[in-house]
Every structure is written in C-alpha cells, then in structure tokens.
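Enquirer: Can you look at this prediction? I've put the sequence above it.
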Amino acid sequence: MSSTELPGVRSTAEPSSRVGAARLAEGEQLRTVALPGLELAVRDRPPLRTGLPPALFVHGLGGSSQNWSALMEQLAGTVDGEALDLPGFGWSPPPADRNYSVTAFARAVIRHLDAAGRGPVHLFGNSLGGAVSTRVAAVRPDLVRTLTLVSPALPELRVQRSAVPTALLAVPGVAALFSRMTQGLSAEQRTRGVTALCYGDPSRVTPEGFRNAVEEMERRMALPYFWDAMTRSSRGIVDAYTLGGQHGLWRQAQRVLAPSLLVYGGRDQLVSYRLAHKAASAYRGSRLLCLPEAGHVAMMEYPEVVAAAFRELLSDTGTGESDRYTEDGRG
C-alpha cells in the first residue's frame, strides 16, 4: 500500500547529476509545472527518437518520480516518458488546499495532462499511484492509451500484517506517535527498514543506490510537511477503500477501457499477491505479469522484465504508435 523514497537496483554505478539538490539519472531533466493552486515537479527523459507516443508515470505513497528512473531508461526507445512528483512528495510542494485524497491526486494528473496536451498517454502507476491511475483511466478514458499498474493499491478484506502500520497512519494522532517513537532512528536505519519492506531482495540494491536513498531520506524527513503529507495521503487511501458504488476503486477498475498490464510481486509485503487474479478479472481484457521474487516495486527491481511485458502489450494491441506523429517525427 505504500512505498518510500527507495534505492535503485542497477547492476552498475548509476551516473547522476544535480538540479538544485535533486538527484537525476544521466539523461534526465527536472522541471516545474505551475497550475492554479498546484505546483508539480516533472522528471523527463528525452526519447531516443522523435515521434514516440507519450507516457506518464505516477509513484506510490512516500515515493517520487525517481522511483521510475530505471523503467524510463528501459523504455526510452519506446515512449516519450515523464514522471511527476505528486503534490507534497518528491520535489512538489504541498497542494494549496492540503487535499491528499486519491481523487485530488487523480485531478492533479488530469490537470497536468490537459494543460500539457499530451494525452492520450501510456499511463503507469505503482501502489497509491496505481489507484490514482485507475481513477484517471475510469473517468477520463480519452487521456489513457494503455494502463500499466505495478502492485496497485486496491481494497482488500484481509490486509497483510506488514501493511498495517501504513494504514494506521490514517488514524488521528498516530503519525505524531510514530514520529516520537522513531525520532531516534538515523536516516540510514529508516532507509534499511523501508528497503526491507518494499524489496523482494534488498541485497540487490547497490551501495551507491543505498547512499543516495539515505541522502533523500534525510532531506524528506527535514521537510516541515513530511508527516502531514504521509498522514493525509494514508487517510486518502483508506477513504478510497471505503467508497462504494460507482466511486469504488474495484468498480472503477471495471470501467477502464484501455488495454491494461498488471504486475504483482510474490514477495510484496504491502499489496497482497493473492489479489492478482481478482484484479486481472476486474480490468477487462487485461494481462497479468506475476514475478515471484519481486516485492512492492517490481519496476525498480526488474525494470527489464516490466519493460519487455509493456512492449509486448503494445505489440499485441497495436497501441505503440502515436496518433499525432509518425516514427520519423513528421506530422
């Protein structure tokens, strides 16, 4: 149900640069998009050639656009990709109205796409971002070409025990209690805990990736709105889980028209692996990729495998070509 700023698992040292204090993989750029009452940090990687169809990547609770860097690199020859930091996370400041509901996040994604005129896009979501992307695809099918969800946060009756602390953040007063209980933990200890929770095999994280994650953890914990963003977003997920009727996430999954790819990890401690087949039945005509060794962030642990499955989705559904451009970039 959640992810935090996480280290990558690149097999070689990952080159990076700085924009301000933001860490970017080689070839990435970071820009700020200003909308009324909303400011979004957007990370993009220039495509390998012109005319590729657009894609948008949406991270999970506590994460950022950086969680998609490895997959964006893998898909640089397939899509023109960008990943946004949801309001209050990564390098995006809190929303003016302090609304961290799933609906508010979906509205932010829609507003960004409408303002940029990039739709329809290949939409990707992880965890909370999966719930957000589902809502976007259900209410604005014109904006979504395909939908790829990695461990999407969907309601389940039996929540895994390891996911309970995240859910408890939604309870008034619990975030303050967690803050007091963990104030003695170093950024390195916190990062090790998050890595153990979110990765199927934490030993695959590179030393440089871990150091970078510790640095980002220090930055995030120093932000005055860190716990408020985490608390309100957790509450937003719980509220979304309790909605019924046409606004329920399972009902909205059934309304998705775009070809869908669902990715689940067998070692996921936050979103139950047993939900995989239920989800595959809910998203009409979807295909399911189960990775027994993966945890909650398969796009970071196995970006090559996820990228190959996505390219297969495009090939089989004929959705890989842009409506607006030819491959050589001429309209």
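Expert: Cool, got the structure.
Enquirer: Thr195 is in what secondary structure piece?
Expert: Here Thr195 sits within helix 187-198, counting by DSSP states H and E.
Enquirer: elements contacting that helix?
Expert: When contacts are defined as 3 or more C-beta pairs under 8 Å, 6 or more residues apart in numbering; DSSP states H and E, helix 187-198 packs onto helix 207-222. C-beta here means a position set from N, CA and C on the backbone, and glycine is covered the same way.
Enquirer: Next, the buried residues of the helix it packs on.
Expert: Judged by neighbour count using 16 or more other C-beta atoms under 10 Å, the buried positions of helix 207-222 are 208-210, 212-214, 216-217, 219-220.
Enquirer: From the contact counts, what lies against that helix?
Expert: Using 3+ C-beta pairs under 8 Å, 6+ apart: helix 207-222 touches strand 22-25, helix 187-198.
Enquirer: and with 7 Å instead?
Expert: helix 187-198 (3 or more C-beta pairs under 7 Å, 6 or more residues apart in numbering; DSSP states H and E).
Enquirer: what residue is smack in the middle of this structure?
Expert: His59 (1.9 Å; C-alpha atoms, centre = their mean).
Enquirer: The nearest residue to that one once chain neighbours are set aside: what's it in contact with?
Expert: Once flanking residues are discounted, His59 sits nearest to Asn67: 4.7 Å by C-beta to C-beta, 6 or more residues apart in numbering. Contact analysis of Asn67 by C-beta atoms under 7 Å, 6 or more residues apart in numbering lists 3, 6, 59, 126, 297, 300.
Enquirer: Inside strands: which ones of the residues you listed?
Expert: Asn126 (DSSP state E).
Enquirer: With distance to Glu188 as extra columns, can I get the contacts of Asn67 in TSV?
Expert: Shown next, in TSV, are these (distance: C-beta to C-beta, whole Å):
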residue	distance to Glu188
Ser3	18
Leu6	14
His59	22
Asn126	24
Val297	19
Met300	19
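Enquirer: Go through the contacts of Asn67 and name the one nearest Gln252.
Expert: Asn126 (17.4 Å; C-beta to C-beta).
Enquirer: If that closest one is in a bridge, with which residues?
Expert: Judged by DSSP bridges, the bridge partners of Asn126 are Val150.
Enquirer: Arg23 now?
Expert: Arg18.
Enquirer: Surely it touches Asn212?
Expert: Yes: using C-beta atoms under 7 Å, Arg23 is in contact with Asn212, at 5.8 Å.
Enquirer: Strands along the stretch 201-331 of the chain, start to end?
Expert: 260-265, 287-291 (DSSP state E, counting those that start in this stretch).
Enquirer: which one of those is the most hemmed in?
Expert: With neighbours defined as mean count of other C-beta atoms under 10 Å, the strands of the stretch 201-331 of the chain peak in mean count at strand 260-265, which reaches a mean of 26.
Enquirer: For that one, which helices and strands make contact with it?
Expert: Counting by 3+ C-beta pairs under 7 Å, 6+ apart, strand 260-265 packs on strand 144-150, helix 276-282, strand 287-291, helix 303-317.
Enquirer: which intervals of the stretch 101-250 of the chain have sub-threshold pLDDT?
Expert: 157-183 (pLDDT under 70).
Enquirer: picking up where we left off before, would you turn the helices and strands packed on strand 260-265 into TSV with distance to Glu82?
Expert: TSV is the format used below for the helices and strands packed on strand 260-265 (distance: least, C-beta to C-beta, whole Å):
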stretch	distance to Glu82
strand 144-150	14
helix 276-282	26
strand 287-291	23
helix 303-317	16
